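Novice: coordinates only, sequence not included:
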């Protein structure tokens, strides 16, 4: 909290300075350059011919290490393009393949595609993981008051949060795909299919031996609500409402994006039981300078709700399970989970290089709240904060594709992120 208090004035001061710098300016006079422009100047090559622009491809290596995965090596990429039509918005397909020293494999593919003249909007999230991930229990205060709480204070010393992690090994298949049809200006109505399949689940810390037992959060929840501890399956149909006024989905300088959806996991489609999922998302972008559009404030909100006990443990709302796996910067994926989860983030985006230069930066703050009905912990009774900073390198000015490098900090937690495009 002390670091957050120091961080807030910096964000506000930069916003005020941006507004002062913009005084008296009414038109943009900072034509953007990208990495290709700089390379062509160095090599004394002519400017890029954009008359036959086939889109922008960005490939980045994935290299990292953390306790859950060990050493990670892979490749990620993004393809930004436009369908035919004078006013058609940019579309984006992104994906990655990752392999770890703990024999994990991750294959991800995401799509956000506008058809000609924005008549149809497709969005999808496809994943196949041979994976392991730690859970800490339900609620934003977990593991406080949780199943493994008795381990805190061993020999009079505070036990590290990571020592209370409850690792799960599992295979995971996700197939989310929706199609939305334009009905008026920026408003869409759509339908979708949503599959989550978890199988070969191994609860590493669970012990059921008499006299030597340890009950984990996954086992406790699954037993309490009558779910199989080894596998479960959610096959759902959904309805969604979308409104999108962003000037660019890849890197918006203005506008907003809003989605409201209801998904029903249905038994005749193969689900273990009927369950309702409600989701709301809001993103808005507010320019601070008409001279340089890279000066702006951006806001992101997520609300995910499902009635208590209807959905299996790993299908419950959790941080970093949004389509781009970007929420909760500063914490590990799945760190906070509950049947009800609310997430908010504010980001200040600004140029670092002189007018029209390659480099930009971001400062961000986020907050997460999740409930735990079993322990009677309601939303907002516990809120966890994250914050951090990052750098942006403009690699394609036409699609506004940035290479993003972020450093996030949470409560006794740290994260490093390398990605194509903005967080939201």
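Specialist: In hand now; what should we look at? Everything numeric here is computed off the predicted structure, so don't read it as measured data.

Novice: in this structure, where is pLDDT below threshold?
Specialist: 1-28, 49-54, 65-70, 144-163 (pLDDT under 70).

Novice: longest strand of it?
Specialist: Criterion DSSP state E: the longest strand present in the chain is strand 166-184.

Novice: can you give the distance of that one from its chain's centre?
Specialist: The chain centre lies 13 Å from the centre of strand 166-184; the measure is C-alpha atoms, centre = their mean, to the nearest Å.

Novice: quick one: strands adjacent to that strand?
Specialist: Using DSSP bridges, strand 166-184 pairs in its sheet with strand 120-135 (antiparallel), strand 187-203 (antiparallel).

Novice: now render the ones you listed as CSV, adding distance to residue 414 and mean neighbour count.
Specialist: Just so you know, the C-beta spots here come from the backbone N, C-alpha and C atoms, and that holds for glycine as well. Formatted as CSV, those follow (distance: least, C-beta to C-beta, whole Å; neighbours: other C-beta atoms under 10 Å):
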stretch, distance to residue 414, mean neighbour count
strand 120-135, 15, 19
strand 187-203, 27, 18
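
Novice: okay if I get the ones you listed as JSON lines plus distance to residue 215?
Specialist: Listed next are the strands paired with strand 166-184 as JSON lines, based on distance: least, C-beta to C-beta, whole Å:
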{"stretch": "strand 120-135", "distance to residue 215": "13"}
{"stretch": "strand 187-203", "distance to residue 215": "10"}
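
Novice: for the stretch 301-424 of the chain, just list every one of the strands.
Specialist: 340-351, 359-370, 384-396, 401-410, 413-420 (DSSP state E, counting those that start in this stretch).

Novice: remind me what the first one packs against, helices and strands.
Specialist: It refers to strand 340-351. helix 2-21, strand 296-305, strand 359-370 (3 or more C-beta pairs under 8 Å, 6 or more residues apart in numbering; DSSP states H and E).

Novice: now do the strands in the stretch 151-300 of the chain.
Specialist: Using DSSP E, counting those that start in this stretch, strands in the stretch 151-300 of the chain cover 166-184, 187-203, 207-209, 212-214, 232-244, 255-265, 275-287, 296-305.

Novice: so who does the residue most central in space within the chain touch?
Specialist: Computing the C-alpha centroid of the chain and ranking residues by C-alpha atoms, centre = their mean puts residue 326 first, at 2.1 Å. The contact partners of residue 326, by C-beta atoms under 8 Å, 6 or more residues apart in numbering, come to 320, 417, 419, 423-424.

Novice: which among those residues gets closest to residue 173?
Specialist: residue 320 (17.9 Å; C-beta to C-beta).

Novice: count the residues that sit near the closest residue to residue 413 other than its chain neighbours.
Specialist: Of all residues not flanking residue 413 in the chain, residue 331 sits nearest, at 5.1 Å (C-beta to C-beta, 6 or more residues apart in numbering). Residue 331 has 24 neighbours, counted by other C-beta atoms under 10 Å.

Novice: you'd agree residue 331 is up against residue 385?
Specialist: No - applying C-beta atoms under 8 Å as the test, residue 331 and residue 385 come out as separate, 10.1 Å apart.

Novice: many thanks, I have nothing further to ask.
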